[in-house]
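Enquirer: Let's see this in three dimensions:
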Amino acid sequence: MAPGKKGILERLNAGEVVIGDGGFVFALEKRGYVKAGPWTPEAAHTHPESGKKYTHTCRHIFTQVIPKPQMHMKARGTHTHTGAQVNEAACDLAREVANEGDALVAGGVSQTPSYLSCKSETEVKAIFKKQLDVFMKKNVDFMIAEYFEHVEEAEWAVQVLKASGKPVAANMCIGPEGDMHGVSTGECAVRLVKAGAQIVGVNCHFDPMTCVKAVKMMKDAVEKAGLKAHYMVQPLAFHTPDCNCQGFIDLPEFPFGLEPRILTRWDMHAYAREAYNVGIRYIGGCCGFEPYHIRAVAEELATERGILPAASEKHGMWGAGLEMHTKPWVRARARRDYWEQLKPASGRPLCPSMSTPEGWGVTKGHADLLQHKEATSSQEMKHVVDHP
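Expert: Modelled structure (predicted):
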């Protein structure tokens, strides 16, 4: 971290609003640099210009935390790139852009196939430690343990990351129903704080308002336990009212048919305000978030933060730029009440408004989730396709 730059805890302790963006992997997939399925962001190593360009855009719209891209990379890497290579390249990319302004760099770990395959605590922690070694070498500003469905594994991650001596944030990818073993959302937060996390919250799997509700449950439980923490939220940019406890990955539209569910920028204004009102101060996004979504968050909280993002120069608040439009009926939309009251149509008359999520009900230890290196066989594909 550059001299004079405030750390994550300094900012949160001072009551500042921190804006982050964790939607890199989905964003790079849409741009042709990440393969859906494995979700390994080797583009940080093979096409660093792609990640740098997107990261520059994020900084322009006022992202204050730049995480190194991750998702299922863990320590296993790919057939052609090791996890260490990708992590090092991603850290370098994030640091280069962060040093151009006031942003921080976060090193992150997420849940492992090894945990789902019932590997031991020692084996799972060794995976986290291998990644931590890279983050320490690259001197990231703080650590994030994120995208965990089971609080036990998240605790293990926090315990490993705490050894760095740097601040640790911990996010579960759960909603109000709790983790995949039935541990309540509030209890998950309490356990993570006791494990050493100074910032706790949720990311991914659910829409913004559902995630805010979950973090509010965490906050209430932590305070009831007599503990202290800061709170963060980085939800999906998709509406998920029809999800079960597993979240959007159980929706039939995941991952290639989610576009009709995307939140508008005006939805993001409402999300940012609700998150702030319940006491969350680290506010960002995960899968599906695009730069204009993060800009909307920054614009909604501009008064509290005392600044607008640079990208607001090209965006009139609440559609004000439409006052310059040629058509008078479009000019009439240059007002807040129009956009706040609008109920956007999907333009898909033959489509339902909601879906029925899958209900396999499997989690850690189930044969269908056991990790293997070989490609999925035709027999295995028949099994999953024919599953009732």
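Enquirer: Let me know the helix or strand that the closest residue to residue 231 other than its chain neighbours is in.
Expert: Nearest residue to residue 231, sequence neighbours excluded (C-beta to C-beta, 6 or more residues apart in numbering): residue 280, at 4.6 Å. C-beta here means a position set from N, CA and C on the backbone, and glycine is covered the same way. Under the criterion DSSP states H and E, no helix or strand holds residue 280.
Enquirer: Verify the contact between residue 280 and residue 232 for me.
Expert: Yes - if you go by C-beta atoms under 8 Å, residue 280 and residue 232 touch, sitting 6.6 Å apart.
Enquirer: So which of those two has more stuff around it?
Expert: Of the pair residue 280 and residue 232, residue 232 is the one with more neighbours under other C-beta atoms under 10 Å, namely 29 against 22.
Enquirer: Could I get the phi/psi values of residue 251?
Expert: With angles defined as degrees, to the nearest 10, residue 251 sits at phi -70, psi 140.
Enquirer: ok, the residue nearest to residue 231 - contacts?
Expert: Applying C-beta atoms under 8 Å, 6 or more residues apart in numbering, we find residue 280 in contact with 201, 212, 215, 219, 231-233.
Enquirer: Could you measure from it over to residue 15?
Expert: Going from residue 280 to residue 15 by C-beta to C-beta, to the nearest Å gives 12 Å.
Enquirer: Please report how far the residue nearest to residue 231 lies from residue 267.
Expert: Distance, residue 280 to residue 267, by C-beta to C-beta: 17 Å.
Enquirer: Report how many residues lie close to residue 139.
Expert: Residue 139, neighbours per other C-beta under 10 Å, totals 12.
Enquirer: Read off the pLDDT value for it.
Expert: According to the prediction, residue 139 has pLDDT 95.
Enquirer: same thing with residue 66?
Expert: Looking at residue 66, the pLDDT reads 68.
Enquirer: Numbering from 33 from now on, please.
Expert: Got it, the first residue is 33 from now on, which makes the last one we talked about residue 98.
Enquirer: Identify the residue nearest residue 183 in space, chain neighbours excluded?
Expert: residue 220 (4.3 Å).
Enquirer: what about the one you found, is that helix, strand or coil?
Expert: helix (DSSP: H, G, I helix; E, B strand; the rest coil).
Enquirer: what number of residues lie near it?
Expert: 28.
Enquirer: can you check residue 300 too?
Expert: Neighbours of residue 300 under the rule other C-beta under 10 Å: 23.
Enquirer: State the distance from it to residue 281.
Expert: On the measure of C-beta to C-beta, residue 300 and residue 281 end up 22 Å apart.
Enquirer: residue contacts, the residue nearest to residue 183?
Expert: By C-beta under 8 Å, 6+ apart, the contact list for residue 220 reads 183, 186, 204, 206, 210-211, 250.
Enquirer: Of the residues you listed, keep whichever come out buried.
Expert: Buried subset of the contacts of residue 220 (neighbour count, 16 or more other C-beta atoms under 10 Å): 183, 186, 204, 206, 210-211, 250.
Enquirer: From those, which land in strands?
Expert: Secondary structure assignment (DSSP state E) places residue 204 from the buried ones among the contacts of residue 220 within strands.
Enquirer: Mind checking which of the buried ones among the contacts of residue 220 are in helices?
Expert: Secondary structure from DSSP state H places 183, 186, 250 of the buried ones among the contacts of residue 220 in helices.
Enquirer: Take these and write them to a markdown table, including pLDDT and distance to residue 352.
Expert: Output for these, formatted as a markdown table (pLDDT from 0 to 100; distance: C-beta to C-beta, whole Å):
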| residue | pLDDT | distance to residue 352 |
| --- | --- | --- |
| 183 | 99 | 45 |
| 186 | 99 | 43 |
| 250 | 99 | 37 |
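Enquirer: Let me see the contact set for the residue nearest in space to the middle of the chain.
Expert: The structure's the chain has its C-alpha centroid closest to residue 318; by C-alpha atoms, centre = their mean the separation is 3.0 Å. The neighbourhood of residue 318, defined by C-beta under 8 Å, 6+ apart, consists of 54-55, 58, 235-236, 266-269.
Enquirer: Which of those sits closest to residue 386?
Expert: Comparing the contacts of residue 318 against residue 386 with C-beta to C-beta picks out residue 268 as the nearest, at 15.4 Å.
Enquirer: Below-threshold pLDDT in this structure: ranges please.
Expert: Counting by pLDDT under 70, the ranges of the chain that qualify are 33-34, 86-95, 98-112, 404-405, 420.
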